[in-house]
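Novice: Any chance you can model this:
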Amino acid sequence: MTRHSHYDVIVIGSGAGGGTLFHALASTGKRILLLERGGRLPQEPDNWSSRRVFVDHCYKAPEVWRDRHGNEFRPEIHYWVGGQTKLYGAALPRFRAEDFGELRHVGGISPRWPVGYDEFEPYYTAAEQLYRVCGQRGADPTEPPASAPFPHPPLKHEPFVQRLSDAFAARGLHPYPLQMGVMRNDDDPKSSRCLKCATCDGYPCRIHAKADAETVCVQPALDAHDNVELQDHAFVERLETDGSGGRVTKVVATVHGERVELGADLVVVSCGAINSTALLLRSRSDRHPNGLANDHDNVGRYYMCHNNSAYVALSPAVNETVFQKTLGLNDWYFGADDFEFPLGHVQTMGKADGEKFEAAAPFKLPFWLLHQMGRHSVDFWLTSEDLPERDNRITVDADGNIVIRYEQNNLEAHDRLNGKLTKLLQQVGPRLGPIPFTKCMRKKVPVHGVTHQCGTLRFGDDPATSVLDRDCKAHGLDNLYVVDGSFMPSSAALNPALTIAANALRVAARLRELLGGSRQPSDA
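Specialist: Numbers count the residues shown, from 1 in each chain. All right, here's what the predicted structure looks like:
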């Protein structure tokens, strides 16, 4: 149970946003409590079992949500210390500088952010340091300016992926080493914690060699500072305000089944775009009949999750690659010679195996066939931007259950990106010698794929069209901040974790000022 009833800061959620901010504020000396609804993810053999992780879903939360048609589904959500980062793929790119401005898409407009890339840049640099990012400046022509090199050299491609990269380059494209948050130096592998194993992307790391929020933020803060504490198995039911409605005074939670009420001078919500929305909606009161920060009915709206697809190419030859997630391609990020609108991003993903194909198959197939597909597959992840639509929203029903009302958009761009990759693989097949690609398959990630969730509490300068101000403080509430992906006005077309972490450091700098400390990004 918590040591105190009142804190200087309470942070709710320990993932890429909350865990990062907790680490950044730990050195202030203030009394800080981190609340996490899950527990510690155990280090065990199941961490590296494809069957346990992808077929049995042993680390997925046992929750049921509903879609806009009322159909029930189990979301890809994980409640652990470290949040979603405990099972993320650890790809940590920056958004492009242009993503912070208005961009025209074939499906509509991606809006301008209230602050630009220049304000984010030092916090991106600090986040890359904190999350041990491996990468190479200058290899990707779309990358934004950076004030420092990556803290670690890029991960080297294994032979097949290197041949693939060379073949792409021979076609005039610009493949680059994917920015990865793993504790690996390929120039000195013997001293590296990371083994570059086959069980990284989508798995928990059994040896804590992936830069997840627990490993690089939460636990180091707890080890170094007596003024901070973690309370796990703490589900926050609601936030309550004072009589004026302008200040959060109570955090009402259930801790190991016992109801507790806590207070703090500052409250920071970071439960993920969906659960943070649910928390604010559950916090209805006479002063806030529609939920906290919801005077203009914006809470939960403009939900985004990317247009993502898993793309598999099959070859007659066996793909011996173990750690496949090392290559990125952004040549079509802002468009193509035959299409003026942005298409998106391509990266290799963690190597597939029979169990992963079993989990993804629309109907039962013999496992020997799935196993052979895994041996012969080359696996890609395609991401295109989905656009913020007001009616794409998160709501909570009368029983407190989460409902995702989401209709896909900007799909033409995603379909064209798929076509570009298919054509490219057909073109480079002869350059790869005895391993031409014989079959390409794509599966669009459905509504339960919420790992890239963002929007819902977007920041802006106008309270009529946004929930948070540019410092991510809730409009109309003096001491409530939000630092997960819900703040984003647009989704870009890249993995969001580094941007969430960078924004958490940016907000932490403001909070350090309020708490009487320095606001330097390097203090994170």
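Novice: Count the residues that sit near residue 245.
Specialist: 15 (other C-beta atoms under 10 Å). To be clear about C-beta, it is placed using only N, CA and C from the backbone, and glycine gets the same treatment.
Novice: next one: the one 5 residues further on
Specialist: As a burial measure, residue 250 scores 16 neighbours (other C-beta under 10 Å).
Novice: bridging residues for it?
Specialist: Under DSSP bridges, the beta-bridge partners of residue 250 are residue 240.
Novice: what do you get for residue 403?
Specialist: The partner residues for residue 403, given DSSP bridges, come to residue 66, residue 395.
Novice: tell me the contacts of it?
Specialist: 65, 66, 67, 68, 394, 395, 396, 397 (C-beta atoms under 8 Å, 6 or more residues apart in numbering).
Novice: Try it again at 10 Å.
Specialist: 65, 66, 67, 68, 70, 278, 300, 393, 394, 395, 396, 397 (C-beta atoms under 10 Å, 6 or more residues apart in numbering).
Novice: What are the boundaries of the helices in the stretch 251-400 of the chain?
Specialist: Ranges of helices in the stretch 251-400 of the chain, per DSSP state H, counting those that start in this stretch, are 273-282, 354-360, 367-376.
Novice: Check the stretch 101-250 of the chain too.
Specialist: 117-130, 159-170, 213, 219-224.
Novice: deepest of these, which one?
Specialist: Mean neighbours per residue, mean count of other C-beta atoms under 10 Å, is largest over the helices of the stretch 101-250 of the chain for helix 213, with a mean of 33.
Novice: Which other helices and strands does that helix contact?
Specialist: Under the contact criterion of 3 or more C-beta pairs under 10 Å, 6 or more residues apart in numbering; DSSP states H and E, helix 213 touches helix 18-25, helix 497-514.
Novice: The helices of the stretch 101-250 of the chain into a markdown table, with extra columns for mean pLDDT?
Specialist: Compiled in a markdown table, the helices of the stretch 101-250 of the chain are given as follows (pLDDT from 0 to 100):
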| stretch | mean pLDDT |
| --- | --- |
| helix 117-130 | 98 |
| helix 159-170 | 95 |
| helix 213 | 98 |
| helix 219-224 | 98 |
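Novice: Tell me which of these sits nearest to residue 509.
Specialist: For residue 509, the closest of the helices of the stretch 101-250 of the chain is helix 117-130, at 7.6 Å, according to C-beta to C-beta.
Novice: Among the helices and strands packed on helix 213, show me which one is buried the most.
Specialist: Scoring the helices and strands packed on helix 213 by mean neighbour count under mean count of other C-beta under 10 Å gives helix 18-25 as the most buried, with a mean of 30.
Novice: Direction included, what does the next helix or strand along the chain from that helix pair up with?
Specialist: Using DSSP states H and E, the next helix or strand after helix 18-25 towards the C-terminus is strand 32-35. Taking DSSP bridges as the criterion, strand 32-35 forms sheet pairs with strand 6-12 (parallel), strand 228-231 (parallel).
Novice: on that earlier part again, ok, which of the helices of the stretch 251-400 of the chain comes nearest residue 500?
Specialist: Using C-beta to C-beta, the nearest of these to residue 500 is helix 273-282, at 9.6 Å.
Novice: just how off-centre is the closest one within its chain?
Specialist: Distance of helix 273-282 from its chain centroid, counting by C-alpha atoms, centre = their mean, to the nearest Å, is 17 Å.
Novice: how far does stretch 201-216 sit from the chain's center?
Specialist: 14 Å.
Novice: Of all the residues in it, which ones are buried?
Specialist: By neighbour count with 16 or more other C-beta atoms under 10 Å, stretch 201-216 contains the buried residues 201-206, 208-216.
Novice: that older thread, pick the most buried one from the helices of the stretch 251-400 of the chain.
Specialist: Note that of these, helix 273-282 is the most buried (mean count of other C-beta under 10 Å), with a mean of 25.
Novice: And that one, what does it pack against?
Specialist: Against helix 273-282 (3+ C-beta pairs under 10 Å, 6+ apart) you get strand 6-12, strand 234-241, strand 258-269, strand 301-304, strand 393-396, strand 402-405, strand 454-456, strand 480-482.
Novice: who wins for proximity to residue 307 among the helices and strands packed on helix 213?
Specialist: Evaluated over those, closeness to residue 307 peaks at helix 497-514, with 17.6 Å, by C-beta to C-beta.
Novice: what about stretch 139-151, start to end distance?
Specialist: 16 Å (C-alpha to C-alpha, to the nearest Å).
Novice: go on, stretch 98-117?
Specialist: Span of stretch 98-117 from end to end, C-alpha to C-alpha: 8 Å.
Novice: ok, and for that stretch, which residues are buried?
Specialist: For stretch 98-117, by 16+ other C-beta under 10 Å, it's 98, 99, 100, 103, 105, 106, 107, 110, 111, 113, 114, 117.
Novice: Quick one: classify the residue nearest to residue 115 when sequence neighbours are not counted as helix, strand or coil.
Specialist: Of all residues not flanking residue 115 in the chain, residue 470 sits nearest, at 5.5 Å (C-beta to C-beta, 6 or more residues apart in numbering). Using DSSP: H, G, I helix; E, B strand; the rest coil, the structure places residue 470 in coil.
Novice: For residue 470, give me the pLDDT.
Specialist: With respect to pLDDT, residue 470 has a value of 98.
Novice: related to what we said a few turns ago, from the buried residues of stretch 201-216, which two are the most distant?
Specialist: The farthest-apart pair in the buried residues of stretch 201-216, when distances are taken by C-beta to C-beta, is 202 and 216, at 18.9 Å.
Novice: just to revisit the earlier point, may I see the PyMOL selection of the buried members of the contacts of residue 403?
Specialist: Selection of the buried residues among the contacts of residue 403 in PyMOL, burial being defined by 16+ other C-beta under 10 Å:
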select buried, resi 65+66+278+300+393+394+395+396
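Novice: Now do the closest residue to residue 247 other than its chain neighbours: how many residues are near it, please.
Specialist: Using C-beta to C-beta, 6+ apart and skipping residues adjacent in sequence, the residue nearest residue 247 is residue 478, 4.9 Å away. Here the number of neighbours of residue 478 (other C-beta under 10 Å) works out to 14.
Novice: any idea how far residue 478 is from residue 244?
Specialist: 9 Å (C-beta to C-beta, to the nearest Å).
Novice: So what touches stretch 69-77?
Specialist: With C-beta under 10 Å, 6+ apart, stretch 69-77 has contacts from 57, 60-67, 83-84, 87, 202, 272, 274-275, 397, 401-405, 445-453.
Novice: so how far is the first residue of that stretch from its last?
Specialist: Its first and final residues considered, stretch 69-77 spans 20 Å by C-alpha to C-alpha.
Novice: same thing with stretch 99-112?
Specialist: End-to-end distance (C-alpha to C-alpha), stretch 99-112: 8 Å.
Novice: I figured residue 494 hits residue 452, correct?
Specialist: Yes. Residue 494 is in contact with residue 452 according to C-beta atoms under 10 Å; the separation is 9.4 Å.
Novice: For those two, indicate the residue with more neighbours.
Specialist: More crowded of residue 494 and residue 452, by other C-beta under 10 Å: residue 494, with 27 against 23.
Novice: got a pLDDT number for that one?
Specialist: pLDDT recorded at residue 494 is 98.
Novice: OK, contacts around it?
Specialist: Residue 494 sits in contact with 91-96, 99, 142, 179, 306, 328, 330, 333, 344-345, 347, 383, 385, 452, where contact means C-beta under 10 Å, 6+ apart.
Novice: That one: what secondary structure?
Specialist: coil.
Novice: element containing the nearest residue to it once chain neighbours are set aside?
Specialist: Counting by C-beta to C-beta, 6+ apart, residue 494 lies nearest to residue 93, which is 4.7 Å off, once chain neighbours are set aside. Taking DSSP H and E as the definition, one finds residue 93 inside no helix or strand.
Novice: Offset the numbering so it begins at 849, please.
Specialist: Understood, numbering begins at 849; the last thing we discussed is residue 941.
Novice: what about residue 941, how many neighbours?
Specialist: When neighbours are defined as other C-beta under 10 Å, residue 941 has 28 of them.
Novice: so where's this structure uncertain?
Specialist: Residue ranges of the chain with pLDDT under 70: 849, 1278-1288, 1365-1372.
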